[in-house]
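Trainee: I'd like to go over a predicted model; first the sequence, then the structure.
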Amino acid sequence: MENNAPVTIIGLGLMGQALAAAFLRAGHPTTVWNRTAAKADRLVADGARLAPSVDDALAAGPLAVICLTDYQAVHDLLDGSGMAGRTLVNLTSGSSAQAREAARWAEQRGARYLDGAIMAIPTAIGTTDAVILHSGPRADFDAHRSTLEALGTATHLGADHGLASLYDVAGLAMMWSILSAWLQGAAMLRAAGVDAATYTPFAQRLAVGVAGWLPGYATQVDRGSFPAEVATLETDARAMAHLVEECLALGVNAELPELLKAMADRAIAAGHGGEQYPVLIQEFAKPR
Ligand SMILES: NC(=O)c1ccc[n+]([C@@H]2O[C@H](COP(=O)([O-])OP(=O)(O)OC[C@H]3O[C@@H](n4cnc5c(N)ncnc54)[C@H](OP(=O)(O)O)[C@@H]3O)[C@@H](O)[C@H]2O)c1
């Protein structure tokens with residue numbers, strides 16, 4: 001169904017320009033504003049309207065997407081602006097606490113507020129590969145869902161405004177852990193003359209295989225019950241010791257394997273050696 005809803009984009013950095021371009025491609029009348037106005041030139045040539053002020057930009061339609069460097073910039077720019085009656089979708093990266101605080105701040109000023117996180121690079125915006133997370137009142141998301149879908153795969157996570165930021169950083173933890181584990185293996189195999197390209201198909205198969213374990217392990221975490229159906233943590237810890245020894249013998253960095261082993265050893269010392277790997281949630285769920 002055609003959607004001609006007007007949209008406003010505030011912030012035309014690398015990401016904001018991509019967001020505005022995607023709205024234009026989808027046929028939305030698009031108003032833009034940026035501190036450095038020249039960054040709007042190409043968008044204006046493609047049909048966007050450059051607002052002379054933030055207030056003018058906010059007045060252009062019911063929905064304003066904000067994409068600035070950080071939350072401080074959002075507050076500095078929009079405090080005192082005419083946001084009442086508008087729905088703000090803030091796609092600026094920040095913490096869950098900042099998102100919840102921004103929601104209170106916007107609602108006190110009469111605006112509806114959705115927080116968001118962009119799990120994509122600018123060139124993916126406007127394709128289904130661009131996953132964009134939203135959190136806040138479901139009704140506000142549903143009211144603008146078909147417009148937000150012009151930017152990518154629009155997902156609503158829940159009413160808690162902090163959820164988009166939390167999923168964002170959970171995704172980063174996942175991404176960096178997988179990449180670091182792959183680099184660990186690449187460093188070890190390189191010491192034996194195997195290049196990364198040769199090792200990588202094995203690593204990919206393993207990553208996909210391990211990903212398949214997650215739903216079953218999630219059941220254990222959610223139930224708080226960790227029967228050893230496949231292996232005990234003690235068995236895993238012995239394999240971790242081999243990994244550490246091998247790294248040290250090869251002369252490669254052993255910090256990551258040592259961290260994994262230290263966490264497993266703590267759980268074993270606390271009496272969980274006969275349980276399965278997800279029991280480590282008890283180590284991850286508390287501060288050191
Ligand atoms: N780029 C990515 O791949 C990517 C991916 C996911 C999420 N994000 C997130 O998207 C947000 C924007 O990223 P970006 O790559 O577009 O950054 P960027 O290219 O550095 O753009 C930053 C934008 O914020 C504006 N800005 C900063 N401080 C301001 C202030 N005090 N008042 C008014 N405007 C201000 C800048 O205006 P000027 O043009 O006038 O400097 C510019 O429009 C960030 O939170 C980032 O983490 C980016």
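Mentor: On my side now, so go ahead.

Trainee: residue 155 pairs with what?
Mentor: In this structure, residue 155 has the following beta-bridge partners (DSSP bridges): residue 133.

Trainee: can you give me the pLDDT of it?
Mentor: Looking at residue 155, its pLDDT is 98.

Trainee: try residue 288
Mentor: The predicted structure scores residue 288 at 83 on the pLDDT scale.

Trainee: can you list the buried residues in stretch 140-149?
Mentor: For stretch 140-149, a neighbour-count test (16 or more other Cβ atoms under 10 Å) marks 140-141, 143-144, 147-148 as buried. No exception for glycine: its C-beta is placed from N, CA and C like everyone else's.

Trainee: so for that stretch, mean pLDDT?
Mentor: For stretch 140-149, the mean per-residue pLDDT is 98.

Trainee: same question, stretch 268-277
Mentor: Taken as a whole, stretch 268-277 carries a mean pLDDT of 98.

Trainee: in that stretch, what's buried?
Mentor: By neighbour count with 16+ other Cβ under 10 Å, stretch 268-277 contains the buried residues 268, 272-273, 275-277.

Trainee: can I get the buried residues of stretch 140-149 in CSV with secondary structure?
Mentor: Conversion of those to CSV gives the following (DSSP: H, G, I helix; E, B strand; the rest coil):
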residue, secondary structure
140, helix
141, helix
143, helix
144, helix
147, helix
148, helix
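
Trainee: closest to residue 236 out of those?
Mentor: For the buried residues of stretch 140-149, the minimum distance to residue 236 (Cβ to Cβ) is 41.1 Å, reached by residue 141.

Trainee: with adjacent residues omitted, what lies nearest to the closest one?
Mentor: Using Cβ to Cβ, 6 or more residues apart in numbering and skipping residues adjacent in sequence, the residue nearest residue 141 is residue 156, 4.4 Å away.

Trainee: give the contact list for that neighbour.
Mentor: In this structure, residue 156 makes contact with 134-135, 138, 141-142, 145, judged by Cβ atoms under 8 Å, 6 or more residues apart in numbering.

Trainee: if you set the cut-off to 10 Å instead, what comes out?
Mentor: Neighbouring residues of residue 156 by Cβ atoms under 10 Å, 6 or more residues apart in numbering: 114, 116, 133-138, 140-142, 145, 148, 163-164.

Trainee: same thing with residue 279?
Mentor: 220-221, 224-228, 232-233, 264, 267-268, 270-273 are the contacts of residue 279 under Cβ under 10 Å, 6+ apart.

Trainee: output the longest strand belonging to the chain.
Mentor: For the chain, the strand that runs over the most residues, judged by DSSP state E, is strand 112-119.

Trainee: before we move on, the earlier item: closest to the ligand out of the contacts of residue 156?
Mentor: When those are compared for distance to the ligand (Cβ to the nearest ligand atom), residue 116 wins out at 9.6 Å.

Trainee: mind pulling up the pLDDT for that closest one?
Mentor: The pLDDT attached to residue 116 in the predicted structure is 98.

Trainee: neighbours around it, how many?
Mentor: For residue 116, the tally of surrounding residues (other Cβ atoms under 10 Å) stands at 30.

Trainee: cool, the one 3 residues further on as well?
Mentor: As a burial measure, the neighbour count of residue 119 was computed by other Cβ under 10 Å and equals 20.

Trainee: contacting residues for it?
Mentor: Taking Cβ under 10 Å, 6+ apart as the definition of contact, the neighbours of residue 119 are 129-133, 152-153, 155, 164, 167-168, 171-172, 175.

Trainee: apart from its neighbours in sequence, what residue is nearest residue 283?
Mentor: With sequence-adjacent residues excluded and distances taken as Cβ to Cβ, 6+ apart, residue 283 is closest to residue 263, at 4.7 Å.
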